[in-house]
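J.: From the sequence below, what's the structure:
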Amino acid sequence: MFSMQSTNKSEQCLLDIKDHNGDILKYFALGIELEKFRGAKTLKLRAQSFFNPNNIRDFDFFQPTLPFPVFSTKAKEIIAPKTDDIEFISCTIAVEDTTIEAFAGRILNRKPLFERVDDYSIKLQDKVKLNEEDLIVRDSSNEQFYIVSEKFRDLCLAENLRISFIEFSMFK
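T.: The predicted structure is shown next:
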C-alpha cells in the first residue's frame with residue numbers, strides 16, 4: 001500500500017482551496033453527497049509559490065490543503081477507464097496569471113483500513129488486504145487517510161505519470 005506525493009516535495013508546492021462552509025471537505029473527504037459539485041460547476045484551486053506556469057505542467061498529481069487527490073488531465077485520462085474507485089471532478093488551478101485544467105478526485109471506494117490504538121494514535125489494521133480491483137481506497141473511519149494499491153502505482157509508472165509513491169506510513 002502506498003501514498004502518493006507530487007514529484008517535488010516542498011513546503012510551498014500545495015494547492016490552496018477556500019472552503020468557507022465546509023462543503024468541499026464534506027463532498028471530497030467525508031463522502032457526503034452535494035448536488036452543487038455535479039455537472040458543470042468547476043472547483044477552483046490556487047497553486048502555492050513553488051509553482052509557475054511552466055513547471056506546473058511537469059506534474060500529474062497535486063496535493064491540495066484538504067485530503068483528496070488532484071490529477072492532471074493526462075493522469076485522469078489514464079486512470080479513469082481503469083477504475084470506478086474515484087470520481088473525477090473538473091477543476092482549475094490558478095498559477096500566477098494563468099489557469100490550467102485538472103481533476104479533483106473524489107474517492108468512492110471506502111473501507112476500514114485503520115484502527116484506533118489510543119486517544120491520540122491510529123495504526124493500519126493487521127488484516128488489511130486490498131482486492132485485485134482496489135486501486136485507491138479511503139479509510140471509512142479516518143477520512144483524512146487514503147492509500148493506493150501496488151496495481152495503481154504500477155499503472156502510473158507504466159504510463160510514465162509524474163507521481164511519486166512511497167510505502168504508506170502514518171509518519172510521512
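J.: Please tell me the pLDDT value assigned to Gln144.
T.: At Gln144, the model reports a pLDDT of 89.
J.: From what I see, Phe62 and Ala104 are in contact.
T.: No: using CB atoms under 8 Å, Phe62 is not in contact with Ala104; the gap is 9.3 Å. Backbone N, C-alpha and C define where each C-beta goes, glycine included.
J.: what's the overlap in contacts for these two?
T.: Leu45, Pro69, Val70 (CB atoms under 8 Å, 6 or more residues apart in numbering).
J.: residues touching the second one, list them.
T.: Neighbour list for Pro69: Met4, Phe61, Phe62, Gln63, Ile86, Ala104, Gly105, Ile107, Ile136, Tyr146 [criterion: CB under 8 Å, 6+ apart].
J.: and it, backbone torsions?
T.: With angles defined as degrees, to the nearest 10, Pro69 sits at phi -80, psi 150.
J.: any idea how far it lies from Met1?
T.: According to CB to CB, to the nearest Å, Pro69 stands 15 Å off from Met1.
J.: now do Phe145
T.: From Phe145 to Met1 the distance is 11 Å (CB to CB).
J.: mind showing which ranges of the protein have poor pLDDT?
T.: Along the chain, segments meeting pLDDT under 70 span 8-12, 39-41, 169-172.
J.: if you set the cut-off to 50 instead, what comes out?
T.: For the chain, the stretches with pLDDT under 50 are 172.
J.: Can you show me the strands along it?
T.: 2-5, 14-16, 43-47, 61-64, 70-72, 86-95, 98-107, 110-111, 114-118, 121-124, 136-139, 146-148, 164-167 (DSSP state E).
J.: And the second one, what's buried?
T.: By neighbour count on 16 or more other CB atoms under 10 Å, the buried set for strand 14-16 is Leu14, Leu15.
J.: helices or strands up against that strand?
T.: Secondary-structure packing of strand 14-16 (3 or more CB pairs under 8 Å, 6 or more residues apart in numbering; DSSP states H and E): strand 43-47, strand 61-64.
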